[in-house]
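Student: here's my sequence, what's the structure:
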Amino acid sequence: MKRRGQAAALWIAGAVLAVVALAAVAPGLLATHDPLLTDVRATLQPPSAAHWFGTDQSGRDVYSRVIHGAGRSVGIGLLATGLALVVGVIAGSLSAVAPRWADAAAMRIVDVLLAFPEFLVALLVVAVLGPGPVNVAVAVTIAAVPVYIRLARAQTRTLAAAEHVEAARIIGVPTAVVHVRHVLPGVLGAVSVLATIGIGTSILAAAGLSFLGLGPTEPTAEWGLMLSAGRNLLLQAPWVAVFPGLAITATVVSVSVIGRILRARAEERDA
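Tutor: Reported below is the predicted structural model:
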């Protein structure tokens, strides 16, 4: 019964992410209007056959803007998670084999960063670097790196002490070759499962920074920015903010569902 429920959740989450991926890669296939086209005669119209998600305060089609916003919102999350994973695996693996004093110093820095919520760290980084989509991606990456460093270090130490790794060293296989062939694949397997969940966190952090006006600027179609633009219209025209919010929620929840199920199955396999 549990497996059947997990399978159904995977199918639903996968279907949602498939639509989001299509919107991100080929928005023209799904959009019905130009996301930047304004029409002062059609401002704040409710959802209808002409405008499925209604229009915003500039008369732009909200549905088309949500579709076109997927590429930027999801793209920042994927980019930040990918960079954080690469940096985290390299730094964590090096820390695991570094001298004790270097490892201790690196871990203290990681501990300090992990003591704060990721969004707060990203916010502080943007405050230093300045607003803009590139700086948002950098900030989200820096905020996400510590957890990958910690996990990569722990996995490297565990796998380095495994019997098959010790056997490879005994027969004279070079240390670098042992690490690449026997340790790194295991580290990547563990970290990649965590990264699946991390994608949702990064998307949410990027949208939050955009909501605060620190990311892309108008008239860019981006979910966090659209949510910010509609926050003052919740009573007059709730659809302006509701649909971008639903897009963020559906994407983050779907990614998290897949990530958590994959992690649970990985833990069952290792048990």
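
Student: what helices or strands is the helix or strand harbouring residue 196 leaning on?
Tutor: Secondary structure here is read from DSSP states H and E; on that basis residue 196 sits in helix 184-211. Packing partners of helix 184-211 (3 or more Cβ pairs under 8 Å, 6 or more residues apart in numbering; DSSP states H and E): helix 62-97, helix 118-129, helix 133-160, helix 223-230, helix 239-270. Quick note: C-beta positions are derived from backbone N, CA and C, even for glycine.

Student: how distant is the last one from the center of its chain?
Tutor: The chain centroid and the centroid of helix 239-270 are separated by 10 Å under Cα atoms, centre = their mean, to the nearest Å.

Student: just to revisit the earlier point, may I see the buried residues of the helix holding residue 196?
Tutor: By neighbour count, with 16 or more other Cβ atoms under 10 Å as the criterion, the buried positions of helix 184-211 are 184, 186-187, 190-191, 193-211.

Student: how about stretch 213-224?
Tutor: In terms of neighbour count (16+ other Cβ under 10 Å), stretch 213-224 has its buried residues at 214-216, 220-224.

Student: could I have the CA atoms of it written out in PDB?
Tutor: Output of stretch 213-224 as PDB, limited to C-alpha atoms (Å, rounded to 0.1, in the frame of the first residue of the first chain):
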ATOM      1  CA  GLY A 213      12.500  43.400  -5.500                       C
ATOM      2  CA  LEU A 214      16.100  42.100  -5.500                       C
ATOM      3  CA  GLY A 215      15.900  39.900  -8.600                       C
ATOM      4  CA  PRO A 216      14.600  40.700 -12.100                       C
ATOM      5  CA  THR A 217      12.800  43.900 -12.700                       C
ATOM      6  CA  GLU A 218       9.600  44.800 -14.500                       C
ATOM      7  CA  PRO A 219       8.300  43.900 -17.000                       C
ATOM      8  CA  THR A 220      10.100  40.600 -16.800                       C
ATOM      9  CA  ALA A 221       7.900  37.600 -16.400                       C
ATOM     10  CA  GLU A 222       9.100  35.900 -13.200                       C
ATOM     11  CA  TRP A 223       7.000  34.200 -10.600                       C
ATOM     12  CA  GLY A 224       8.400  36.000  -7.500                       C
END
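
Student: ok, residues contacting that stretch?
Tutor: The set of residues external to stretch 213-224 that reach it, using Cβ atoms under 8 Å, 6 or more residues apart in numbering, is 35-36, 58, 60, 64-66, 68-70, 72-73, 76, 123, 126, 131-133, 135-136, 206-211, 225, 228-229, 244-245, 247-248.

Student: what does the model give residue 1 for pLDDT?
Tutor: Residue 1 is assigned a pLDDT of 54 by the prediction.

Student: what do you get for residue 189?
Tutor: Checking the pLDDT column for residue 189, the value is 79.

Student: from residue 165, how far out is it?
Tutor: Here the criterion is Cβ to Cβ, to the nearest Å. By it, residue 189 lies 15 Å from residue 165.

Student: again with residue 68
Tutor: Taken as Cβ to Cβ, the span from residue 68 to residue 165 is 49 Å.
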